[in-house]
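In: need a structure here:
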Amino acid sequence: MAGKRLDGQEILMVIAPQQFRDEELTEPRDLFEGEGARVTVASTKVGTARGMLGAAVQADMTIDEVPSEDYQAVVIVGGMGSPDHLWDNQALHKLIEALYSHKKVVAAICLSGAVLARAGVLAGKKATVWPDEAAIKALTDGGAHYLKDHLVQDGTIITADGPEAAADFGSRIVEELAKVSFKV
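Out: Residues are numbered from 1 along each chain as shown. Now for the predicted structure:
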């Protein structure tokens with residue numbers, strides 16, 4: 001029997017400790033795990049993180065504890081907590097830069113597209129973000145070509161504009177990771 005498409009792959013999902021967007025975490029995570037990936041959730045602190053719609057999720061580790069070499073992808077979840085907790089998080093910026101430099105998948109949804117811009121990986125790249133003035137400004141200030149689309153992929157960078165795109169966002173990440181020849 002053939003294995004699942006992401007057997008043996010490790011995916012890091014990053015959430016704000018409060019006010020992350022529930023379905024932007026749960027829908028992609030369920031897809032990843034259904035395809036055999038192991039998902040780790042990181043935040044700015046360990047413990048229970050609270051979503052905008054009431055989800056309570058355990059953060060397995062802090063962002064600054066994440067060993068970048070262990071993951072094939074980093075997925076940054078959006079929501080109202082992203083600007084306060086993730087946009088300017090230097091440990092997250094370094095993590096994104098490290099994965100991107102090794103041609104790993106770097107993905108962000110909703111307001112968290114701004115994190116990629118502030119980490120410096122969107123210069124000259126096409127990307128989308130939740131249609132918020134500050135988030136769009138962060139993208140353009142970071143040199144991105146902002147597209148008003150639900151889902152945008154430019155190389156190994158995948159961005160989506162919000163909760164309605166969460167399932168397609170997760171599916172696109174699965175497709176990209178399934179291309180990678182990875183041995184356990």
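In: Now for the residue nearest the centre of the chain: which residues touch it?
Out: In the chain, the centroid-proximal residue (CA atoms, centre = their mean) is Val75; its distance is 1.9 Å. Contacts for Val75 (CB atoms under 8 Å, 6 or more residues apart in numbering) come out as 11-14, 28, 105, 107-109, 173. Where you see a C-beta, it was placed from the backbone N, CA and C, and this is true even at glycine.
In: Work out for me the element it sits within.
Out: Per DSSP states H and E, Val75 falls inside strand 73-76.
In: And Leu122, by the same measure?
Out: With DSSP H and E as criterion, Leu122 is part of no helix or strand.
In: Please apply the same query to Leu95.
Out: Counting by DSSP H and E, Leu95 is part of helix 90-101.
In: mind checking how far that helix is from the chain centre?
Out: Offset of helix 90-101 from its chain centre (CA atoms, centre = their mean, to the nearest Å): 12 Å.
In: Same question for it: list its buried residues.
Out: 92-93, 95-96, 98-100 (16 or more other CB atoms under 10 Å).
In: Please, where are all the helices along the protein?
Out: Remark: helices assigned in the chain by DSSP state H are 22-34, 82-85, 90-101, 113-119, 133-141, 166-179.
In: most tightly surrounded among these?
Out: helix 113-119 (a mean of 28; mean count of other CB atoms under 10 Å).
In: got any ranges where this structure has weak pLDDT?
Out: For the chain, applying pLDDT under 70 flags the ranges 1-2, 181-184.
In: switch the cut-off to 90
Out: Of all residues in the chain, those with pLDDT under 90 make up the ranges 1-3, 68, 180-184.
In: picking that back up, tabulate the buried residues of helix 90-101 in a markdown table, adding columns for distance to Phe169.
Out: Below are those laid out as a markdown table (distance: CB to CB, whole Å):
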| residue | distance to Phe169 |
| --- | --- |
| Leu92 | 18 |
| His93 | 21 |
| Leu95 | 19 |
| Ile96 | 17 |
| Ala98 | 22 |
| Leu99 | 17 |
| Tyr100 | 18 |
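In: Need the max-distance pair from those.
Out: Across the buried residues of helix 90-101, the longest distance by CB to CB is 12.2 Å; it joins Leu92 and Tyr100.
In: Wait, Ala178 touches Leu6, no?
Out: Yes - applying CB atoms under 8 Å, one finds Ala178 in contact with Leu6, separated by 6.6 Å.
In: what sits in contact with each of the two?
Out: Glu35.
In: Ends of stretch 45-57, what's the gap?
Out: The straight-line separation of the ends of stretch 45-57 (CA to CA, to the nearest Å) is 12 Å.
In: Tell me the gap between that stretch and the middle of its chain.
Out: The answer for stretch 45-57 is 16 Å, by CA atoms, centre = their mean.
In: Between Leu92 and Tyr100, which contacts overlap?
Out: Ala119.
In: Do I have it right that Lys45 meets Ala59?
Out: Yes - assessed by CB under 8 Å, Lys45 is found in contact with Ala59 at 6.8 Å.
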